[in-house]
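**Q** The sequence and its predicted three-dimensional model are supplied below.
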Amino acid sequence: EDQVTQSPEALRLQEGESSSLNCSYTVSGLRGLFWYRQDPGKGPEFLFTLYSAGEEKEKERLKATLTKKESFLHITAPKPEDSATYLCAVQARYNFNKFYFGSGTKLNVKP
Amino acid sequence: DTGVSQDPRHKITKRGQNVTFRCDPISEHNRLYWYRQTLGQGPEFLTYFQNEAQLEKSRLLSDRFSAERPKGSFSTLEIQRTEQGDSAMYLCASSLEPPGGVGNQPQHFGDGTRLSIL
């Protein structure tokens, strides 16, 4: 069964303290892996799409990487405004109309 | 680009009542998705439209749930005879997929309708 697991569930960082969030997936052929940011009471906001192992994408303090079994979202020198829940989702080759989301990592960056 | 809008933002109803939610996608987006999200969980796929055609439905979508997208524009999600377990955030997303695309264009989400069943 296709599955997406994110860890840790919650992460508390001091401002400037870099860290990584993990997204492990099992899917029969990956077509795409997506990272979203979700603020409380809001819908998810698209960050990145990754398609193949070894691919990397960057945006400001965020960098997403992909291997054959997992993806990492690296946060460099985070600021309080980076506090949010980060979600990853996978799309399978055999059914690219469905997207499977993980439960997210809730990031709290303290000033 | 005014974004995806959902209405209402909050709905409180008694168990057994019917409710209907509306989603207005980004203009000209041809794909529209409905998801359900409960507290502490990620969105769960419910159904998907390509223009006006409903092409995929999750097993989560029981007979009490129905979705439409007349004329390929706005969409409605109706829940009949609501149950306590239906309490959740219902999210709508849209994307613009080129002809022959494989559905991996970024989805743009609305801020959802929060449903509370008394």
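**A** Okay, I see it. Because the structure is a prediction, the values reported are computed rather than measured.

**Q** Which positions within the helix or strand of chain B with the lowest mean pLDDT qualify as buried?
**A** Least confident helix or strand, chain B: strand B:53-57 with a mean of 89, by mean pLDDT, DSSP states H and E. Across strand B:53-57, burial judged by 16 or more other C-beta atoms under 10 Å in any protein chain shown covers B:Gln54, B:Glu56. Quick note: C-beta positions are derived from backbone N, CA and C, even for glycine.

**Q** Stretch A:18-30 now?
**A** A:Ser19, A:Leu21, A:Cys23, A:Tyr25, A:Val27, A:Leu30.

**Q** Wait, the last one touches A:Gln91, no?
**A** Yes. In this structure, A:Leu30 is within contact of A:Gln91 by C-beta atoms under 8 Å, at 7.4 Å.

**Q** Mind picking the lowest-pLDDT entry from the buried residues of stretch A:18-30?
**A** pLDDT is lowest at A:Val27 among the buried residues of stretch A:18-30; the value there is 85.

**Q** Next up, the contacts around it.
**A** A:Asp2, A:Gln3, A:Val90, A:Ala92, A:Tyr100 (C-beta atoms under 8 Å, 6 or more residues apart in numbering or on different chains).

**Q** repeat for A:Glu17
**A** A:Ala77, A:Pro78.

**Q** Now for it, which secondary structure element holds it?
**A** Taking DSSP states H and E as the definition, one finds A:Glu17 inside no helix or strand.

**Q** cool, the one 4 residues further on as well?
**A** The secondary structure element spanning A:Leu21 is strand A:19-26 (assigned by DSSP H and E).

**Q** ok, residues contacting the least confident helix or strand of chain B?
**A** So strand B:53-57 is in contact with A:Asn95, A:Asn97, A:Lys98, B:Phe45, B:Leu46, B:Thr47, B:Tyr48, B:Phe49, B:Ala67, B:Glu68, B:Arg69, going by C-beta under 8 Å, 6+ apart.

**Q** Figure out how far it is from the centre of its chain.
**A** 12 Å (C-alpha atoms, centre = their mean, to the nearest Å).

**Q** Find the nearest non-adjacent residue to the residue most central in space within chain B, please.
**A** Geometric centre of chain B, nearest residue: B:Trp34, 2.7 Å, by C-alpha atoms, centre = their mean. Spatially, and ignoring its direct neighbours in sequence, B:Trp34 is nearest to B:Leu46 (4.3 Å; C-beta to C-beta, 6 or more residues apart in numbering or on different chains).

**Q** any chance you could read off phi and psi for B:Gly85?
**A** Torsion angles at B:Gly85 (phi, psi; degrees, to the nearest 10) stand at phi -70, psi -10.

**Q** helix, strand or coil for residue 40?
**A** No chain specified, so I'll use chain A. Three-state call for A:Pro40 (DSSP: H, G, I helix; E, B strand; the rest coil): coil.

**Q** what does chain A put close to chain B?
**A** Contacts of chain A with chain B, taken as C-beta under 8 Å from any C-beta of the partner chain, map to A:4, A:6, A:31-32, A:34, A:36, A:41-46, A:49, A:51, A:87, A:89, A:91, A:95-104.
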